[in-house]
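Visitor: just to be clear, the model below is a prediction. Sequence and coordinates:
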Amino acid sequence: MFSSPAENHLERPLDINDYLGLNRVTTHFAVVETDSMIEDDIHRGDILIVDRSKPVVSESIVFVWLAGDHYIKRIRFVGDMIELTTANEKYEPVYVHPGDNFEIFGSVTYVVKKARVIIPFVRRQ
């Protein structure tokens, strides 16, 4: 059996919480199930890292609850109203008015993606 050349260079296992500086108490993960944010390079199957402790400002991408449904949107504060916009022109903005059943769950701080596998074209002779 041969030893691996990397054996002498191994460090402790990578902890994504430590590596990204995540707060374990306020950080949550969510899988994207929509194409509403594709122009922000957020696609179905991506994993969002959502932090409840981060301040939400206009133009933040947020995970929200509205009338019992959850959404991933870009938030804008317009007077006493909130506008939730997408990054896909086929979806209309959603407007939240005072008194609506609405909660900002947290800010999206990272998007985790699967590596795209590209199979090279091989010409057969």
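Guide: Happy to help now that I have it. If you're wondering where the values come from, they're calculated on a predicted model, not measured in any experiment.

Visitor: only C-alpha atoms from now on, for both contacts and neighbour counts.
Guide: Noted.

Visitor: doesn't Ala30 fall inside a strand?
Guide: Yes: membership of Ala30 in a strand is supported by DSSP: H, G, I helix; E, B strand; the rest coil.

Visitor: contact partners for it?
Guide: Ile47, Leu48, Ile49, Val50 (CA atoms under 8 Å, 6 or more residues apart in numbering).

Visitor: among these, which are in strands?
Guide: Ile47, Leu48, Ile49, Val50 (DSSP state E).

Visitor: so which of those is the closest to Val62?
Guide: Val50 (7.8 Å; CA to CA).

Visitor: look up how far Tyr19 lies from the nearest residue in space to Thr34 that is not next to it in sequence.
Guide: Taking CA to CA, 6 or more residues apart in numbering, and ignoring the residues beside it in sequence, Thr34 has Arg44 as its nearest neighbour in space, at 5.5 Å. Arg44 sits 24 Å away from Tyr19, going by CA to CA, to the nearest Å.

Visitor: quick one on the thing from earlier: what's the farthest-apart pair in the ones in strands among the contacts of Ala30?
Guide: Top of the distance list for these (CA to CA): Ile47 and Val50, 9.5 Å.

Visitor: so Ser60 touches Ile75, yeah?
Guide: Yes: between Ser60 and Ile75 a contact is recorded at 5.7 Å, counting by CA atoms under 8 Å.

Visitor: compare the two (neighbour count), which wins?
Guide: Ile75 (25 against 16; other CA atoms under 10 Å).

Visitor: what lies in contact with the least confident helix or strand in the chain by mean pLDDT?
Guide: Each helix and strand of the chain was given a mean pLDDT (mean pLDDT, DSSP states H and E); the minimum falls on helix 16-20 at a mean of 81. For helix 16-20, the surrounding residues in contact (CA under 8 Å, 6+ apart) are Leu22, Asn23, Arg24.

Visitor: got it, and stretch 92-109?
Guide: Stretch 92-109 has contacts (CA under 8 Å, 6+ apart) with 48-56, 60-68, 80-86.
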